[in-house]
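Asker: I'll drop the sequence and a predicted model, then ask my questions.
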Amino acid sequence: MEKPLQQRMSLRRRPFLLLCGIFLIIFYITPLYEFVGNGIQNHLELMTSVSNKVDASINFCQHFTCFQSLWGKKSPKYLIDTPACKILDIDPFDSAVKKYLKQGSPRRCKKTLVVVKNGSLVINEEVAKGWKYTGATCCYKTINRITQNSISFNKNADWTVSISDKCNPIERGSNGTVVDVPYVKIECQNGMKLKSTTQFEAVTVPPSKLSNSTAEKTKIWEKIKNEDKTRLPPPSILIIGIDSISRLHMYRQLPKTKQYLDSNDFIEMRGYTKIGENTFPNIMGAIGGMEPNKYTCWHKREDKMDDCPFLWKNFSQNNYLTALLEDAPGIAIFNYEKTGFVSQPTDYYLRPAMVAAHLQEGRAKNSGTMSCFGGLSPTEYMIDYIKTFLLRTGTNYPYFLLSWFTSIGHDDFNGLETVDTSFRNLLKQSVENPEYGGNNTLILFISDHGYRFGAFRETFMGFYEESLPFFYLRIPPSLKKRFPSWHSRLKENSHHLTSPLDLYETLNDILKLSSLNGTTGLVPTENPSESINKTDIMLDFPRDTTFRQSYSLFEKIPLNRTCESSAIPQRYCMCGVTPEVDKKSDKTIQLAKFVISQVNSNQLESVISKDQCHSLKFSKVLYGRELLPGEVWNNFGKLVKFQDYIVAFEADPGKGHFEARIRIFQNGTQGILDSVSRINSYEGQGNCMPDYALKNYCMCKKLVPETKG
């Protein structure tokens, strides 16, 4: 009897369904099993490798599957793509940023009557021809930094200079007058005394003549060189830093410089992330090895910086020449809202000359940058100073030089492009000119953070870029040959999450090299591979493999590294951040009001009660972002789920713009991660507040009127 049609069709489908089932198992279930298995394995490895002292956030969803769900079928590209951190790779010329890009305006400075050439003051005859009535006569006065008592100092300790009464004549002619002092004030007038000018100059005095200390250092290295002419001194360190420039903005503003870096063995640390709000905490991390607000040497603005463990001190003890150069004395790293140094911190210190010019112009101490110095923009002047310094030290004397360019980018989003060629040439000469000693110099080209204020900062691109400054590093050929693994590890680590604390450990490796070698184990120039000794083995041997907070960039950095385990505050962590924005939801408004209440009741409570500052009031939401969910270990050894949010808002009075990262746990409790950022300028609003930590939030009642309504 023939079976019914429906039954016959069902039987015919069975082989087809069986094949479909096999297909699903092979192509879907098996990969999923492997995917989950690998994910769990990574998860377990991470849990077992993190020490008890490290609070590591582990999030299976965040690290593996949830990213694609946010982007639909199209997967995003990642700048950093490790199991524990994925940072988006964004086009620097994305359409969202184009309206903020304009043609930069170069600074125009008049030529000065006197120029510095090879340590001499020379009258520029071309300029002198323009002076009527028997031409010009010039003389110079010595500028001296006044060192206050190390115990009974005041807040002006790093602002005090004196200028000699005697004015020494500057001879006419191509040779001019040789000077052996580091800072001078130059005065010129014509024969009828109807015209006069004043200028300030910093002279790069040879180390043998600069001070007793530098003279002694040069004698030590010259003695060693005379004993064995085939040996190099320990490697020098050249740090060229530019303030407030993100990795992407460096791409936009310095295309020629970037091309040179990419073509000459500079390695870009793509995941380099800031650890503090502004320049100070990031430099304290990189040069002092200290986390933000954990400074054992400095607690309040009245404290001096002299007792901080900056690495240049250690290098100086190893007979390195040291230099600290900045071009904006009013907002310098260690001086803005701080006392600074009582004693001169380094052998070469550009600040006294800059201070003298700054005060001569009648500028307030905390005001911005000067327009010109020595006939050049402050940026160009400091570039020239560095070049002269490198020629003075050359291949003979090891040095540690920290330079920080603030004037060109701090307040001008588009100003940096005007000095692209200048920075390219500085780096090119530092590498290629044999007199500059590039064969034996570790060169760092770096920034501290992205642009922190203004309309661009209030976009997703601005938010993203602020935490990711640019950082390039070049290992010199002498070290590359001696420690080939350093170079290979550096390239590998360039795709990992890193921070200023890692930079500190890296510089410490160079310090150890010079310390262990002392003055007897220097590197042979003929065949560096023959220099492998106990020192090399100690530095190149596999390090402590326990999970640590900071690593040298010359050692292997683990793939399972998170922001928490790296001491990168969550508010600056770009791992898992996406451009999802929600401006008007009730949740976002609620969070903004929560942040304001916390600021009023915690940071501002005491000054509000003293009638110094207004209470902040909610005005409007600027943007909100729901970040990817996560999990964290609690005190009872259990994983607790959380959801992070970013909210930016405007507060009255004063129209202050603030941004905060809030974490809400599964039980409903919530809190602000780290501190609240001010993302627009607060100049003129918090001047009544001496406390550096409160200045961002304080709307002084005497300066900011109460908002009506």
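Answerer: Thanks, I have the structure now.

Asker: List phi and psi for the residue nearest the centre of the chain.
Answerer: Taking C-alpha atoms, centre = their mean, the centroid of the chain lies closest to D448, which sits 1.7 Å from it. Main-chain dihedrals, D448, degrees, to the nearest 10: phi -110, psi -30.

Asker: Any stretches of the stretch 601-709 of the chain with poor pLDDT?
Answerer: 707-709 (pLDDT under 70).

Asker: Run through the strands of it in chain order.
Answerer: Here the stretch 601-709 of the chain has its strands, by DSSP state E, counting those that start in this stretch, at 617-626, 630-633, 639-652, 656-665, 670-678.

Asker: Of all the ones you listed, which one is nearest N493?
Answerer: Taking C-beta to C-beta, strand 630-633 is the member of those nearest to N493, at 24.3 Å. For the C-beta atoms, the positions are set from N, CA and C on the backbone; glycine is no exception.

Asker: who does that closest one touch, helix- and strand-wise?
Answerer: strand 639-652 (3 or more C-beta pairs under 8 Å, 6 or more residues apart in numbering; DSSP states H and E).

Asker: in the stretch 351-500 of the chain, which spans are helices?
Answerer: Counting by DSSP state H, counting those that start in this stretch, the stretch 351-500 of the chain has these helices, from start to end: 351-360, 378-393, 420-432, 460-466, 477-482, 484-493, 500-517.

Asker: Enumerate the positions of the third one that are buried.
Answerer: Neighbour counts over helix 420-432 (16 or more other C-beta atoms under 10 Å) mark 420, 422-431 as buried.

Asker: burial of S371, as a residue count?
Answerer: 12 (other C-beta atoms under 10 Å).

Asker: ok, it to C297 distance?
Answerer: Look at S371 and C297: by C-beta to C-beta, to the nearest Å, they are 35 Å apart.

Asker: ok so, going back, any chance of the buried residues of helix 420-432 in JSON lines with distance to L79 as columns?
Answerer: Shown next, in JSON lines, are the buried residues of helix 420-432 (distance: C-beta to C-beta, whole Å):
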{"residue": "D420", "distance to L79": "23"}
{"residue": "S422", "distance to L79": "28"}
{"residue": "F423", "distance to L79": "23"}
{"residue": "R424", "distance to L79": "24"}
{"residue": "N425", "distance to L79": "29"}
{"residue": "L426", "distance to L79": "27"}
{"residue": "L427", "distance to L79": "23"}
{"residue": "K428", "distance to L79": "27"}
{"residue": "Q429", "distance to L79": "31"}
{"residue": "S430", "distance to L79": "27"}
{"residue": "V431", "distance to L79": "26"}
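
Asker: Which members of those residues define the maximum pairwise distance?
Answerer: Greatest spacing in the buried residues of helix 420-432, by C-beta to C-beta: D420 and V431 (16.8 Å).

Asker: the bottom helix or strand of the chain by mean pLDDT?
Answerer: Least confident element among the helices and strands of the chain, by mean pLDDT, DSSP states H and E: helix 60 (a mean of 29).

Asker: what are the bridge partners for the closest residue to P629 other than its chain neighbours, then?
Answerer: The shortest distance from P629 to any non-neighbouring residue, by C-beta to C-beta, 6 or more residues apart in numbering, is to Q643 (5.1 Å). When assigned by DSSP bridges, Q643 has beta-bridge partners I664.

Asker: Now for Q643: which residues touch it?
Answerer: 626-627, 629-630, 663-664 (C-beta atoms under 8 Å, 6 or more residues apart in numbering).

Asker: neighbour-wise, which of those leads?
Answerer: G630 (25 neighbours).

Asker: What pLDDT does the model give the closest residue to L427 other than its chain neighbours?
Answerer: With C-beta to C-beta, 6+ apart as the criterion, L427 has its nearest non-adjacent residue at 6.0 Å, and that residue is Y260. On the pLDDT scale, Y260 is placed at 98.

Asker: Now do Y260 against S430, distance only.
Answerer: 11 Å.

Asker: just to revisit the earlier point, quick check, nearest of the contacts of Q643 to T393?
Answerer: The closest of these, once distances to T393 are taken by C-beta to C-beta, is L627, at 47.8 Å.

Asker: Can you get me a residue count around G684?
Answerer: If you count neighbours by other C-beta under 10 Å, G684 ends up with 10.

Asker: One more: F445?
Answerer: 25.

Asker: repeat for F483
Answerer: F483, neighbours per other C-beta under 10 Å, totals 20.

Asker: From what I see, it and S552 are in contact.
Answerer: No. Here F483 lies out of contact with S552, judged by C-beta atoms under 8 Å, at a distance of 11.3 Å.

Asker: what's near enough to touch the residue nearest to the centre of the chain?
Answerer: Here D448 is in contact with 241, 243-244, 274, 278-279, 282-283, 469 (C-beta under 8 Å, 6+ apart).

Asker: Quick one: these as TSV, columns for distance to G375 too.
Answerer: Listed next are the contacts of D448 as TSV, based on distance: C-beta to C-beta, whole Å:
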residue	distance to G375
G241	24
D243	23
S244	26
K274	35
N278	31
T279	27
N282	32
I283	29
P469	31
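
Asker: beta partners for the spatially closest residue to M269 that is not a sequence neighbour?
Answerer: Take M269 and drop its neighbours on the chain: the residue closest to it by C-beta to C-beta, 6+ apart is F471, 4.3 Å away. Counting by DSSP bridges, F471 is bridged to I446.

Asker: how close does F471 sit to K274?
Answerer: Relative to K274, and taking C-beta to C-beta, F471 is found at 10 Å.

Asker: Go ahead and confirm I143 touches A353.
Answerer: Yes. With contact defined as C-beta under 8 Å, I143 counts as touching A353 (6.3 Å).

Asker: what residues do the two have in common as contacts?
Answerer: In contact with both I143 and A353: 183-184, 200, using C-beta under 8 Å, 6+ apart.

Asker: from these, which is closest to T441?
Answerer: Y183 (26.1 Å).

Asker: number of nearby residues for that closest one?
Answerer: Neighbour tally, Y183, other C-beta under 10 Å: 27.

Asker: need the contact list for it.
Answerer: Here Y183 is in contact with 142-145, 161, 200-203, 352-353, 356 (C-beta under 8 Å, 6+ apart).

Asker: where's it relative to K141, distance?
Answerer: 10 Å.

Asker: For stretch 700-709, C-alpha coordinates in CSV please.
Answerer: Extracted C-alpha coordinates of stretch 700-709, given in CSV (Å, rounded to 0.1, in the frame of the first residue of the first chain):
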residue,chain,number,x,y,z
CYS,A,700,34.4,82.1,42.5
LYS,A,701,31.6,84.1,43.9
LYS,A,702,33.6,87.3,43.4
LEU,A,703,34.3,86.5,39.8
VAL,A,704,31.3,84.6,38.5
PRO,A,705,27.8,86.0,38.9
GLU,A,706,25.0,83.8,40.1
THR,A,707,22.8,82.4,37.3
LYS,A,708,19.3,83.7,37.4
GLY,A,709,16.3,81.5,36.9
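
Asker: For it, which outside residues touch it?
Answerer: So stretch 700-709 is contacted by 611-614, 617, 652-654, 684-689 (C-beta under 8 Å, 6+ apart).

Asker: now that stretch, how far from the centre of its chain.
Answerer: With C-alpha atoms, centre = their mean, to the nearest Å as the basis, stretch 700-709 stands 35 Å off its chain's centre.

Asker: what's the answer for stretch 455-475, then?
Answerer: With C-alpha atoms, centre = their mean, you get 10 Å for stretch 455-475.

Asker: That stretch: which residues count as buried?
Answerer: So, applying 16+ other C-beta under 10 Å, buried residues of stretch 455-475: 456-475.

Asker: Endpoints of that stretch, how far apart?
Answerer: 38 Å (C-alpha to C-alpha, to the nearest Å).

Asker: who's more crowded, I143 and A353?
Answerer: A353 (25 against 22).

Asker: Much appreciated, bye for now.
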